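Colleague: Predicted model and sequence follow; I will ask about them next.
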Amino acid sequence: MTAPNILGSMKQDGSRLMIHTADVKGVWNRWRRTVFAVLLGVYVAGPFIPVGGHPMIQLDVQHRRFFLFGSTFNAQDFWLVLLLALSVAFALLLGTAWRGRVWCGWACPQTVFLEGLYRPVERFFEGPREARIRLENQPMSVSKFARRAAKYATFLVLSAAIAHTATALFVSPRELWLMINEGPRLHTEAFGLTLGFTAVLMFNFTWFREQFCVVLCPYGRLQSVLHDRDSVTVAYLEARGEPRGKIVKAPAAEAPKLGDCIDCKRCIAVCPTGIDIRNGLQMECLACTQCVDACDEMMDKVKRPRGLITFASQHQLVGQPSPVVRPRLLVYASLMTLCLVGLGVSLATRTPFEANIFRARGGMPYVVDGDVVRNPFEVHVFNKNPGPARFTLAFKGAPEDAQIIIGTPTLDLASLTDAHVPVSVSIPRKSLWKPVDLVLVVTDESSGTTREKTIRFLGK
Ligand code: SF4
Ligand code: SF4
């Protein structure tokens, strides 16, 4: 089949063709709705559910800290975020090379919000596909105005709610509530950003919709290099379906020899990007599986086997074998595993605080005072616990006659705050006949975790 040379969401004259997807039922649709319900919960409730005294997910950009499922990360943990981002990126590459744009059709917030929230609202106010198309082509009337006004008002409420959720992701729900109560005059920046994001969401979900996936999304644009001829995608079995044609009631001898495709165009009607999967694999296919359910429904009606639209690689479509294990998949899987193992080990060995010892700045590294040598140090402790914590400072490894003065041996630190503590260590010269390594021991009293840092004592 020859592929069409215009987008499914475009009219012949180049103007936009609004896509009104038909309702579809089926096993894939049920799975997809379940996934949407779960993801909507995660995307919307993430910043509002408290875990360990902080939101489950919060990107506190202003204070350069990040809360995730009760753990606190700060700027020093940037490499952990990098490992996480790389793991997600390689997982996405692996998923795409293996199963096509499944992320797009099943988990991307653009799809989850459009298909899980906005489209059902549109369906509620304007009816099924045929009614929506009729309404679009009708001149303005009281009924059309009322339906459109109710739909857009609900869209506005949804967009404002999502924009506020996004703001809560950066400032915490408590601060968001405070801002709302104090009004936009005191928080012009946050108010402006939330308003702007609401406008972007309105534009995106009322008009732009699938165009985001088709022409704007960089990941979408990369599909042609991420796929190969062994990637298993949603595919039409041309050999079985063609030549397509309506069912003709005629004696068997006179009936035209047709394939299984009855050319009902249901697969096009349900497609959120308006493509005809019968034209072969297209970049616009989001692997949403709506056409699989739609075609199975039609096959059931005409009592033909299901699976005319199914999952197959380009090689399988022409009867060639498609290896499951391929170099590309192995490389992506290895890189993803490497990043995940690195991340897991780092998280498992991560302590809930940072502790370091330095030579005191701006002075001599050591002072000889008669028979005694003195070293001034500075200890830095940073509390990464989600709540306040008490830390005790001690030293080991010093000779018995050493005198150690710690500015504040016990520190009470609020979450994500730090303290610098001056330390003076004096050791008689007679005890310095061999190098002395001092070991700073910092203990987090709440968890019992300790960190040790070694520093050499200078001078003889
Ligand atoms: S839904 Fe199935 S039978 Fe109908 S046009 Fe599409 S491929 Fe052909
Ligand atoms: S072709 Fe099928 S799987 Fe691809 S986007 Fe359209 S409906 Fe979804």
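Modeller: Looks like it arrived, so ask away. Numbers count the residues shown, from 1 in each chain. Ligands and ions are numbered 1, 2, ... in the order given.
Colleague: Could you use CA atoms for every contact and neighbour count after this?
Modeller: Noted.
Colleague: For the residue of the stretch 351-460 of the chain found nearest ligand 2, list the residues it contacts.
Modeller: The shortest separation between the stretch 351-460 of the chain and ligand 2 is 42.9 Å, found at Pro386 (distances taken as CA to the nearest ligand atom). By CA atoms under 8 Å, 6 or more residues apart in numbering, the contact set of Pro386 is 52-54, 70-72, 415-416.
Colleague: and the gap between it and Phe67?
Modeller: If you measure Pro386 against Phe67 using CA to CA, to the nearest Å, the figure is 8 Å.
Colleague: Report the distance from the one helix or strand Ala168 maps to to the chain centre.
Modeller: Using DSSP states H and E, Ala168 maps to helix 142-171. The gap between the average C-alpha position of helix 142-171 and the chain average comes to 23 Å, counting by CA atoms, centre = their mean, to the nearest Å.
Colleague: Ok, stretch 9-23 next?
Modeller: Per CA atoms, centre = their mean, the displacement of stretch 9-23 from the mean C-alpha position of its chain is 29 Å.
Colleague: average pLDDT across that stretch?
Modeller: The average pLDDT within stretch 9-23 is 89.
Colleague: Quick one: end-to-end distance for that stretch.
Modeller: 18 Å.
Colleague: for it, which positions count as buried?
Modeller: By neighbour count on 16 or more other CA atoms under 10 Å, the buried set for stretch 9-23 is 9, 18-22.
Colleague: Next: stretch 97-112.
Modeller: For stretch 97-112, the buried set under the neighbour-count rule, 16+ other CA under 10 Å, comprises 97-107, 109-112.
Colleague: Mark which of the residues you listed are part of helices, please.
Modeller: By the criterion of DSSP state H, membership of those in helices covers 97-99, 102-106, 109-112.
Colleague: Check the gap between Asn137 and ligand 1 for me.
Modeller: For Asn137, the distance to ligand 1 (CA to the nearest ligand atom, to the nearest Å) stands at 25 Å.
Colleague: same question, Val292
Modeller: Between Val292 and ligand 1 the distance is 8 Å, computed by CA to the nearest ligand atom.
Colleague: ok, how many other residues are close to that residue?
Modeller: If you count neighbours by other CA atoms under 10 Å, Val292 ends up with 27.
Colleague: same check, this time on Ala414
Modeller: Using other CA under 10 Å as the criterion, Ala414 is surrounded by 16 other residues.
Colleague: and it, what is it in contact with?
Modeller: Shown here is Ala414, whose contacts under the criterion CA under 8 Å, 6+ apart are 383, 387-389.
Colleague: Show me those residues that map onto helices.
Modeller: Among these, DSSP H puts none in helices.
Colleague: Which one of these is nearest to ligand 1?
Modeller: Ranked by distance to ligand 1 (CA to the nearest ligand atom), these are led by Gly387 at 57.0 Å.
Colleague: coming back round to it: pull up the overlap in contacts between Pro386 and Phe67.
Modeller: His54.
Colleague: Could you measure from the nearest residue in space to Tyr236 that is not next to it in sequence over to Asp230?
Modeller: Using CA to CA, 6 or more residues apart in numbering and skipping residues adjacent in sequence, the residue nearest Tyr236 is Ile309, 4.3 Å away. When distances are taken as CA to CA, Ile309 and Asp230 turn out to be 17 Å apart.
Colleague: Quick check: residues of this protein near ligand 2?
Modeller: Near ligand 2, the residues belonging to the chain are 234, 270-273, 275, 277, 285-291 when assessed by CA under 6 Å from any ligand atom.
Colleague: how about low-confidence regions in the protein?
Modeller: Applying pLDDT under 70 to the chain picks out residues 1-5.
Colleague: which SS class is Ser346?
Modeller: Under DSSP: H, G, I helix; E, B strand; the rest coil, the three-state class of Ser346 is helix.
Colleague: How about this structure, which of its residues are in the neighbourhood of ligand 1?
Modeller: 261-267, 294-295.
Colleague: Format these as JSON lines; extra columns: distance to Gly319, neighbour count and secondary structure.
Modeller: Listed next are the residues of the chain next to ligand 1 as JSON lines, based on distance: CA to CA, whole Å; neighbours: other CA atoms under 10 Å; DSSP: H, G, I helix; E, B strand; the rest coil:
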{"residue": "Cys261", "distance to Gly319": "19", "neighbour count": "25", "secondary structure": "coil"}
{"residue": "Ile262", "distance to Gly319": "23", "neighbour count": "20", "secondary structure": "coil"}
{"residue": "Asp263", "distance to Gly319": "24", "neighbour count": "16", "secondary structure": "coil"}
{"residue": "Cys264", "distance to Gly319": "26", "neighbour count": "14", "secondary structure": "coil"}
{"residue": "Lys265", "distance to Gly319": "26", "neighbour count": "15", "secondary structure": "coil"}
{"residue": "Arg266", "distance to Gly319": "26", "neighbour count": "20", "secondary structure": "helix"}
{"residue": "Cys267", "distance to Gly319": "24", "neighbour count": "26", "secondary structure": "helix"}
{"residue": "Ala294", "distance to Gly319": "25", "neighbour count": "25", "secondary structure": "helix"}
{"residue": "Cys295", "distance to Gly319": "22", "neighbour count": "27", "secondary structure": "helix"}
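Colleague: and which of those residues is nearest to ligand 2?
Modeller: Closest approach to ligand 2 among these (CA to the nearest ligand atom): Cys267, at 6.3 Å.
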